[in-house]
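Student: Return atomic coordinates for the entry below.
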Amino acid sequence: MTRIRFKGLLLAGAASAALSGPAFAALDGQDLLAKINAAYAAGSGVLKAESIEINGNDVVLKGTTFTATGPQEKSIALGNLTLQDVTEADGGAYHIDRIEFPEVNVTEDNSSFNVKDLYLAGVRVPGSTTGDDLDAMMMYDEAHSGSVEVKVDGKQIVSVQESSITTGVSEDGSSLSFEGGLTGLTVDLSTLEPKTKEAVEALGIPVIEGDISASGSWEPSSGTIDLEDYTLDFANIGSLSMSFALTGYTMDLVKQLQETARTMQADANSEQAQQAAGIAMFGLMQQMSFQSAQISFEDAGITERGLDYAGKQQGSNGEQMAQMVKGMLPILLAQAKLGALQNQVSEAVNAFIDDPKNITITAEPEKEVPFPMILGAAMGAPESLPTLLGVSVTANE
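Tutor: Predicted coordinates for the structure are as follows:
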């Protein structure tokens, strides 16, 4: 009987020792906050807390403020933030299951700004920011915002129903993908000055309503950025879609650009320092190369209404204005020095004006083009750019 009790005590002691080991050690709230700020330093902001409490696996940052550093430093009081289900990972990193932010209410003079239902889910805080891969970055699975309202003199000017962006890392950790957007965007243009208000009413858009969506990926090792889609879809206007692919935007370049930005902010009042930093940033950007790009517009009635309005302003009508635009187009294109592309642009624009459906501009060179080569062509021989970048224009396809 004594042996059984002694064996039970040994097992209990072993379990206690295991539970008190590193994997179950009390969370270090100060270390977590320091690593959040280290990861966010590139964003030119600092998160501060009056005190930190640990409740099991939750870390409560009490009396928090976020200060955006720069020429006009400004702090926003966030109140108490609860970082839910915080766990430590290899290399001193942390994983936070969810961070919910209190409702934001900011009033200044006659304007107010309100945001509800803000949260981050699946936040990963790096143990070190010195690496050259995705492990050195703070990331999240989802960033979400509920309703957003902007009011002026008590009248709602801008509102958003909901916005969200999700990210994911590939299985081998080599690339980051993202997808998201906002829904229910409304912009009231009725408060504009009378002449502008008259124009937007004639165009049939006293209120702009629509959605925005985006998706893409980034591979730090090669620096390939692929913005697969960025679409603004507005009722009674149309849908504008863009995409592009670049290379050379590596983690090293990101850090160099961030450091240059910090230098510019530190010497914000020095014109000489700003010019030097601007030149340095321009030089860094030349490490990148262009792969492809496309911009496409699908009309939802705005072109015809625009021609009608412009025609009335000239004492004519929409059909006459369309013919006038088509007649002036060759002159304008000749001044633009588009070379062989001129005829293609003219045909596409004429087809679109006659029957406004869609028009697309595509740039797809046979091989990627370094930015310095593009800059050189733009300055020395602009007419060579369309051929260099493989530009084409189509309509109603």
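Student: Helices of the protein, start to end?
Tutor: 2-19, 29-40, 194-202, 251-266, 271-285, 302-313, 318-336, 341-354, 371-380, 385-389 (DSSP state H).
Student: For these, give me JSON lines that also has mean pLDDT, mean neighbour count and distance to Ser243.
Tutor: Quick note: C-beta positions are derived from backbone N, CA and C, even for glycine. As requested, the helices of the chain are arranged in JSON lines below (pLDDT from 0 to 100; neighbours: other CB atoms under 10 Å; distance: least, CB to CB, whole Å):
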{"stretch": "helix 2-19", "mean pLDDT": "37", "mean neighbour count": "9", "distance to Ser243": "52"}
{"stretch": "helix 29-40", "mean pLDDT": "89", "mean neighbour count": "17", "distance to Ser243": "29"}
{"stretch": "helix 194-202", "mean pLDDT": "87", "mean neighbour count": "12", "distance to Ser243": "29"}
{"stretch": "helix 251-266", "mean pLDDT": "77", "mean neighbour count": "16", "distance to Ser243": "21"}
{"stretch": "helix 271-285", "mean pLDDT": "75", "mean neighbour count": "14", "distance to Ser243": "20"}
{"stretch": "helix 302-313", "mean pLDDT": "93", "mean neighbour count": "17", "distance to Ser243": "22"}
{"stretch": "helix 318-336", "mean pLDDT": "90", "mean neighbour count": "14", "distance to Ser243": "23"}
{"stretch": "helix 341-354", "mean pLDDT": "93", "mean neighbour count": "17", "distance to Ser243": "19"}
{"stretch": "helix 371-380", "mean pLDDT": "89", "mean neighbour count": "13", "distance to Ser243": "18"}
{"stretch": "helix 385-389", "mean pLDDT": "92", "mean neighbour count": "18", "distance to Ser243": "14"}
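Student: Just tell me which of the ones you listed ends up closest to Pro126.
Tutor: Among the helices of the chain, helix 29-40 comes nearest to Pro126, with 5.5 Å by CB to CB.
Student: what's in contact with that closest one?
Tutor: 46-47, 49, 52-54, 59, 61, 83, 86, 92-94, 125-127, 129, 137-138 (CB atoms under 8 Å, 6 or more residues apart in numbering).
Student: For PyMOL, what selects the buried ones among those residues?
Tutor: Restricted to buried positions by 16 or more other CB atoms under 10 Å, the PyMOL selection for those reads:
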select buried, resi 46+49+52+59+61+83+86+93+94+125+126+127+129+137+138
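Student: Sitting in strands, which of the contacts of helix 29-40 do you find?
Tutor: Counting by DSSP state E, the contacts of helix 29-40 place 46-47, 52-54, 59, 61, 83, 86, 94, 125 in strands.
Student: Max pairwise distance over the residues you listed: which two?
Tutor: The widest separation within those, taken as CB to CB, falls between Val46 and Ile54 and amounts to 21.7 Å.
Student: tell me the pLDDT at Thr69?
Tutor: Looking at Thr69, its pLDDT reads 66.
Student: Any idea how many residues pack against the closest residue to Glu103 other than its chain neighbours?
Tutor: In space, and not counting its chain neighbours, Glu103 is closest to Lys116: 5.2 Å by CB to CB, 6 or more residues apart in numbering. Neighbours of Lys116 under the rule other CB atoms under 10 Å: 15.
Student: returning to what we had before: CSV for the helices of the chain, including distance to Asn236?
Tutor: Listed next are the helices of the chain as CSV, based on distance: least, CB to CB, whole Å:
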stretch, distance to Asn236
helix 2-19, 63
helix 29-40, 40
helix 194-202, 11
helix 251-266, 39
helix 271-285, 38
helix 302-313, 7
helix 318-336, 16
helix 341-354, 18
helix 371-380, 36
helix 385-389, 33
